[in-house]
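J.: The sequence isn't on hand, but the structure is:
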């Protein structure tokens, strides 16, 4: 099974067309401007010297590479000379400053030339991986080979140094990424050595006899070196590194038929989604190490849940769908997509979250101003971070989003995500018309697909559905049927009423609390919509939420009956008192989680006590 | 108003007699043995030299001094030659090694003689304060002057260096304590210069023109130097330092009639008890800085709530009672006494908590093993800490507890705490017979008190009471009446049913949760009594708790109907699911908070979700 590539999918209306337009017209330029301003583009000239401003950082290349990859996806759909010139400028820099042996890294070449390939923790292969992804994307978008050829020279150097000669000071990357990039390069070039190098890195990780010294080192779990990859069953360590690794493992399992790798991927996925994932699809709950911790440890106000981690989870989950058409994989993609990823960028597309908390209590934050070590997630998005991996990850993700919607085998076309879109395949086409995620009605028109099967995903959140125009059987949460004619249409109606959710009893942070979602969209309360703060509110879970719209934010709202303690301590109530029933009824106004923190700083909560 | 001293009060039965016996017969010896073992007593010889084991620490003198003070209180009630010999050995050391000018500090004399009085943060005056308290206590207990005379020489040196010459490198102690000790020394010796020195330290703190440089330094709140003391209205910084300071402020306000000081004390007390105190009487919620943070910031599992801080709060509150006979002060004493202080020592009297969490979730703790910086309170008590201030603070507090029960003015005798006890005053006596805190019936017999007023505290938790044998009017939560005869008896019946409490809506950590208490005793759930863990339990607040006894622990229990989520994730439930009603009824078995962690490591919760 393969995805129908983003290049053959047009998101031509509805929710995601607006997001993609904003991404292309606003965000891509904002990210570029910030990277210009901070010297990330200038660094590519490799001429920084001690004493000058804007000292290059070890991960800057990856930032520019992800921006470049984003630009490639945008160019494919919307040719733009200025944008292409900007990308060509980047390529010019690489061509001009690439070492004779193919090496290219603006940090090491400028700052520490002698340290090349000596420090496993310094993101060198991670940056190389992002260049590979960018080059492959640009080649596929434009047909221009220059970038790809330059980067293939670098990949060949890495192949020689790490696989053939093993002459580097370490055996596997400290920050995984290049593994999944090498698979892309293999697919793009059909050069099997790139897949072999990926497999080499996978097989060496956590293995005996490497230079990494991971075996027996308890800290090795941080970079997933605590066990050989096929023996890893629980998601450990830095969440982005982990999920990027799992992506390559899933790719390799699919391309080589390695059942042990596949089994590890299945166990890792289940461990994440059954025990270590926020209801928003965020993963990596701990600021300390930006990492997975243990099962059910999902604090809300202190949640790390990096935007990149949610993106990396969708990249992993979407690869799992290719291994096995089980709706749970696309469910995970959808959960992160509508919540923990989309929250990473402001509604106007200009600013970003790095971490995505599930609660903000301003009073507690202020109370903790006196602490030196406490972790305080941001309460509003900012334009750039010193470690700014997330913004260009968002831009490339959104620009290539169409590539996650449909997949195909010889006889079946799968619809994984419902977006107003049209896909082309083999001269045939599939058209989806829907107001999703606002509404669960999905009209599907298939042209030229007679005799093939259609498999329509029934989301995990959906408690009932109707399919008009076809007789389907449901297999692993896909409604499947054979398309009878070349001019076929059907309508899928997914029941999409708002639902209050509870977490597993083992999630201590959510004890006694509920979260409200409609379809895939998780909602939250903000103080601004609810009398200024969220102290003492609780939700009436037996009342049906009422749908509305916030015109200023341009997002849907859900209003439910709730209760609020009458004697607010603002006015001097007692700190402790016998349980009282003196609640007053209030209307609790929820907005989508992805829309939080787009106004003034205010309290926020996804999990709300129930009466 | 003054307290009837512990020496004139005999706790001669009931709950606290048992606690005092354990303190005397077990704990005092355990603390001594640990201090012997760790070299704290040997350090008094001031002969440690670099390269030897057991390097003295800057606060070791205070540990030994508090143990010595404890011994003095015990000796007063139970003369014991061995114990007296042990104290005399300490005094011998001081006499043998005290400097010619009166200085005595085992750390500075052994380790850094040149650094004397140069480092404000090094607990030098804090240690001196504890020696003063010990010497005054020993003199009052035994009539022996040697210790007192030695320590007066030291106090006189401090007076000269800090007040008269101002020749030290700093102006006020970094860790307050000596201020309240100087008041004791003044009361013990009637030498006004000690009160003057106390006032000097109070007046210089946070003031312009000192060597401390506190004015304008945002970090100064840590040691209460952010404002002149009369301008302090909120409890800030290190909780033990803060409350020790407030003790001296309250003493000074009473002894000098300083209304500005009194006003500050009242504001500080109210800020603590209305906004910054755990339901257990614990204060100082933050591990980082062992400090007060801000209003309503009272996390449970991460609670610091040092035992010493709860003790220091009772010392402050009991002094406030002397300034103003308002029951809220004795309420605070009682809250800490039965909960956050008593929890600091194990039921067998041999081991201790330094911090007193209000929740333990073993799964979350294990999940966080991978974190480097997370704060993990202990889950079981230990015999000694490297910083072992709490154990001897408990021993001296419990040994002198009788001194907090009764106070008197010329015409009124106040009963602040109800313990099975007898007090002597002016040839008269007052006898209390009660099973408190198990039962709210208190029989009071007064002999020789005709014509004086009795004022019996009606605790803040008590919703109704009956007084048989007297007609009382209630003033600031004291039931007051004139004793009619010299052979008088009455019975006070305080309604003492178990009550579920809620916290102010502003305490985010307790949102949607309740705490169970009976009278002054706060209860908690332990996993051991409740199917092994506390996941998914909630309490039915409409059910009347049933009283029982845990024979093995020797403590009362309260059992209430509760509910537990059926589909436990142990068996593979979903991480998130629509809210369900599939609870099963359970009996939740609560034990007193002071008794938690006396068995195997297990989950614990004071605040429990309600259905």
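T.: Received the coordinates, thanks. Keep in mind that this is a model prediction, so the values were computed, not measured.

J.: quick one: the lowest-mean-pLDDT helix or strand in chain A to chain centroid distance?
T.: Counting by mean pLDDT, DSSP states H and E, chain A has its least confident helix or strand at helix A:362-367, which shows a mean of 92. Centroid separation for helix A:362-367 versus its chain: 30 Å, with Cα atoms, centre = their mean, to the nearest Å.

J.: That helix and chain B in contact?
T.: Yes: contact of helix A:362-367 with chain B (Cβ under 8 Å from any Cβ of the partner chain) involves A:363-364, A:366-367. Every C-beta, even on glycine, is put in place using the N, C-alpha and C of the backbone.

J.: after that helix, next one along is what?
T.: The helix or strand immediately downstream of helix A:362-367 is helix A:390-399, counting by DSSP states H and E.

J.: next structured bit after that following helix?
T.: strand A:406-408.

J.: next one: phi and psi at residue A:497?
T.: phi -80, psi 150 (degrees, to the nearest 10).

J.: Contacts only, for it.
T.: A:518, A:544 (Cβ atoms under 8 Å, 6 or more residues apart in numbering or on different chains).

J.: mind redoing it with 10 Å?
T.: Shown in contact with residue A:497 (Cβ atoms under 10 Å, 6 or more residues apart in numbering or on different chains): A:440, A:463-464, A:518-519, A:544-545, A:547.

J.: now do residue A:245
T.: A:172-173, A:175-177, A:179-180, A:201-202, A:205, A:223-225, A:229, A:232, A:235, A:237-238, A:268, A:312, A:316.

J.: how about it, phi and psi?
T.: phi -60, psi -50.

J.: re earlier: from the residues of helix A:362-367 next to chain B, keep the buried residues only.
T.: With burial judged by 16 or more other Cβ atoms under 10 Å in any protein chain shown, the buried subset of the residues of helix A:362-367 next to chain B is A:363-364, A:367.

J.: Mind picking the one among the residues you listed that's closest to chain B?
T.: residue A:367 (2.6 Å; Cβ to the nearest Cβ).

J.: for the spatially closest residue to the closest one that is not a sequence neighbour, helix, strand, or coil?
T.: Once flanking residues are discounted, residue A:367 sits nearest to residue B:294: 2.6 Å by Cβ to Cβ, 6 or more residues apart in numbering or on different chains. Under DSSP: H, G, I helix; E, B strand; the rest coil, residue B:294 falls in the coil class.

J.: hang on, residue B:294 packs against residue A:374?
T.: No: between residue B:294 and residue A:374 there is no contact under Cβ atoms under 10 Å: 11.6 Å.

J.: so what sits against both of these two?
T.: A:364-365, A:367-368, B:286.

J.: for the spatially most central residue of chain A, what are its contacts?
T.: Closest residue to the average C-alpha location of chain A: residue A:311 at 1.1 Å, with Cα atoms, centre = their mean. Listed by Cβ under 10 Å, 6+ apart, the contact set of residue A:311 reads A:240, A:243-244, A:281, A:336-337, A:340-341, A:344, A:389-390, A:393-394, A:396-398.

J.: try it again with 6 Å
T.: Residue A:311 is in contact with A:341, A:393, A:397, counting by Cβ atoms under 6 Å, 6 or more residues apart in numbering or on different chains.

J.: Surely the second one is in contact with residue A:308?
T.: Spelled out, that is residue A:393. Yes: Residue A:393 lies in contact with residue A:308 (Cβ atoms under 6 Å); the separation is 5.0 Å.

J.: Have a look at the two and say which one is more surrounded.
T.: residue A:393 (30 against 26; other Cβ atoms under 10 Å in any protein chain shown).

J.: quick revisit: dump the shared contacts of residue B:294 and residue A:374 to JSON lines, plus distance to residue B:164.
T.: Formatted as JSON lines, the shared contacts of residue B:294 and residue A:374 follow (distance: Cβ to Cβ, whole Å):
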{"residue": "A:364", "distance to residue B:164": "47"}
{"residue": "A:365", "distance to residue B:164": "47"}
{"residue": "A:367", "distance to residue B:164": "41"}
{"residue": "A:368", "distance to residue B:164": "42"}
{"residue": "B:286", "distance to residue B:164": "38"}
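
J.: So which of these is the closest to residue A:80?
T.: Of all the shared contacts of residue B:294 and residue A:374, residue A:80 sits closest to residue A:365, with 42.3 Å by Cβ to Cβ.

J.: Next, count neighbours for the closest one.
T.: So residue A:365, with other Cβ under 10 Å, has 18 neighbours.

J.: ok, and the closest non-adjacent residue to it?
T.: Residue A:365 sits nearest to residue A:376 (Cβ to Cβ, 6+ apart), 5.9 Å away.

J.: Quick check: the gap between the one you found and chain B.
T.: 12 Å (Cβ to the nearest Cβ, to the nearest Å).

J.: per-residue pLDDT, that residue?
T.: pLDDT, residue A:376: 85.

J.: just residue A:136 next, same as before
T.: 98.

J.: what's it in contact with, if anything?
T.: Taking Cβ under 6 Å, 6+ apart, we find residue A:136 in contact with A:184-185, A:188.

J.: if we go to 10 Å?
T.: A:69, A:72, A:147-148, A:151-152, A:181, A:183-189.

J.: That one sits in which helix or strand?
T.: helix A:124-142.

J.: if we can go back for a sec, closest to residue B:114 out of the contacts of residue A:311?
T.: Among these, residue A:393 lies closest to residue B:114 (Cβ to Cβ), at 57.6 Å.

J.: Hmm, that closest one is touching residue A:59, no?
T.: No: the pair residue A:393 / residue A:59 is not scored as a contact, 11.9 Å apart, by Cβ under 10 Å.

J.: list residues touching both of the two?
T.: Common neighbours of residue A:393 and residue A:59 (Cβ under 10 Å, 6+ apart) are residue A:130.

J.: Can you pull the phi and psi angles for the closest residue to chain B within the stretch 51-200 of chain A?
T.: In the stretch 51-200 of chain A, the residue that lies nearest chain B is residue A:121 (15.7 Å; Cβ to the nearest Cβ). The phi/psi pair for residue A:121 (degrees, to the nearest 10) reads phi -80, psi 0.

J.: Quick check: can you list the domain ranges of chain A?
T.: A:38-204, A:407-494, A:499-609 (automatic domain parsing).

J.: Now tell me which of those domains the model trusts least on average.
T.: domain A:499-609 (a mean of 93).

J.: what about that one, start to end distance?
T.: 15 Å (Cα to Cα, to the nearest Å).
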